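> next input, structure requested:
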Amino acid sequence: MLDDTLSARARKLLVPSHRSEVPPFMVMDVMAAAARIEAAGAHVVHLEVGQPAEPAPRTAIAAAHAALDTMRIDYTAALGIPSLRGRISQHYRDAYGYDLDPERVIVTTGSSGGFILAFLSMFEPGDRVAVTVPGYPPYRHILTALGCEPVLIETTGDTRHALSADALLAEHRKKPLQGVLVASPGNPTGTMMTREALAALIAAAADAGIRFVSDEIYHGLDYAFPAVTAAALSDDTLVINSFSKYFCMTGWRVGWIVAPESLVRPIERLQQNLSISVPTLSQIAAEAAFEGRAEMEQIKHGYQENRRILIEGLPQAGLDSFLPADGAFYLYADVSKFTTDSLDFTRQMLEEAHVAATSGIDFDPLHGRSYVRFSYARSADDMREAVARITRWLKR
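Okay, the predicted model is just below:
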């Protein structure tokens, strides 16, 4: 009887916290459903996940092998290996002509770790942080889990689905905002902000006392014009980047923050307590990845070809309306002529055409039922096969 009583008490204690009650990241559920179909023997074309099909640069893999053969893999400083921080600083000089103090660079466990550190260091529970829709779902989910309030600002074709200063300030006037997060290139739209537009947005946020976070993990994957880093426009912005996308290192889980000077020590303290340091082997590989740029540029050319195949091919299936695809490796397509429920649309497309894609409701709770995100991070053959399958399925 005593055991039963203790067990009942324990069950009452094991109730999930309210902060854990965030929605799932639906792309992971699509991947799981696709895996079940593949386990039954079918071939699925994967356009659901934003993961490069190619491996990390050969330079990165060689450096990791050498480290395993010759080194102890110990903790590093919480801010990251100094030589990696210096190499990231050099990258800003090479790519943007911006002289970045390496002391402002903090190595993180991918961009995901970067968002957690950024939000914890910049915001208090209850703070209102603006994010755009369509947009990357974990922005909202991480903010919610940390006790902040994500404020959704709808983007429109007038600004090519980028956040404008006018829209930000209009929301701020309704009820004050403490922060704003923007991404250029964006996920799922692929839209990019020009230097002028980004500078105007940063200036407007600063004038209103709104802290600015810039997600730049798709930098390098720009097709319409060169991406601009917010770090070069204001020392008061916080920039998050990653080796996952351009450098094809998703599973290595390594990224970085460029922080305002006043936030470096607070973020360092958080990192010391939350993770001690980023995996050493990943940091070693990441530093060497910068020497594999020629290889990565070749992969980027492949994405450009994939983008062309989808932009030219999907209209044959009737999917002829997309949001801007200036960068990244996504096409966000309007499917409203076929359905009012893109979640069911993608489920049927997976089950019947064996093409995996992600419903827009993952990215936009307001209008996402009219959209589907297609990732073109895999091979050109996959893109051609996907277009053929979708065309047959929609015209059956």
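
> where does this structure have low pLDDT?
Filtered on pLDDT under 70, the chain yields the residue ranges 1-4, 6, 8-11.

> please enumerate the helices of the stretch 101-250 of the chain.
In the stretch 101-250 of the chain, the segments counted as helices under DSSP state H, counting those that start in this stretch are 110-122, 137-145, 165-174, 195-208.

> out of the ones you listed, which is the most enclosed?
Burial among the helices of the stretch 101-250 of the chain, expressed as mean neighbours by mean count of other CB atoms under 10 Å, is greatest for helix 110-122, which shows a mean of 22. All C-beta spots, glycine's among them, are computed from the backbone N, C-alpha and C.

> touching that helix from outside, list them.
106, 108, 129, 138-139, 142-143, 146, 148, 179, 211, 213, 215, 217, 238, 240-242, 244, 253-257, 259, 263, 266-267, 270-271, 274-275, 278 (CB atoms under 8 Å, 6 or more residues apart in numbering).

> now which of those residues would you call buried?
Under a neighbour-count criterion of 16 or more other CB atoms under 10 Å, the subset of the contacts of helix 110-122 counted as buried comprises 106, 108, 129, 138-139, 142-143, 146, 148, 179, 211, 213, 215, 217, 238, 240-242, 244, 253-257, 259, 263, 267, 270-271, 278.

> residue 300: which of the helices of the stretch 101-250 of the chain is closest?
The stretch from these with the least distance to residue 300 (CB to CB) is helix 110-122; that distance is 18.7 Å.

> and the strands in the stretch 51-200 of the chain, which stretches?
Shown for the stretch 51-200 of the chain, the strands assigned by DSSP state E, counting those that start in this stretch span residues 105-108, 128-133, 149-154, 179-183.

> alpha carbons of the last one, as PDB, please.
Think strand 179-183. Below are the C-alpha coordinates for strand 179-183, written out as PDB (Å, rounded to 0.1, in the frame of the first residue of the first chain):
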ATOM      1  CA  GLY A 179      13.300  42.900 -29.100                       C
ATOM      2  CA  VAL A 180      13.100  41.900 -32.700                       C
ATOM      3  CA  LEU A 181      14.600  39.000 -34.700                       C
ATOM      4  CA  VAL A 182      15.100  39.000 -38.400                       C
ATOM      5  CA  ALA A 183      16.600  36.500 -40.900                       C
END
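
> does anything pack onto it? Which helices or strands?
strand 128-133, helix 195-208, strand 211-215 (3 or more CB pairs under 8 Å, 6 or more residues apart in numbering; DSSP states H and E).

> list the buried residues in the longest helix seen in the chain.
When secondary structure is assigned using DSSP state H, the longest helix within the chain turns out to be helix 293-313. Buried positions in helix 293-313, judged by neighbour count with 16+ other CB under 10 Å: 293, 295-296, 299-300, 302-303, 306-307, 309-310, 313.

> using a markdown table, lay out those together with distance to residue 85.
As requested, those are arranged in a markdown table below (distance: CB to CB, whole Å):
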| residue | distance to residue 85 |
| --- | --- |
| 293 | 19 |
| 295 | 23 |
| 296 | 20 |
| 299 | 25 |
| 300 | 25 |
| 302 | 30 |
| 303 | 28 |
| 306 | 33 |
| 307 | 33 |
| 309 | 39 |
| 310 | 38 |
| 313 | 43 |
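
> and the two most separated of those residues?
When those are compared pair by pair using CB to CB, the farthest-apart members prove to be 293 and 313, with a separation of 29.9 Å.
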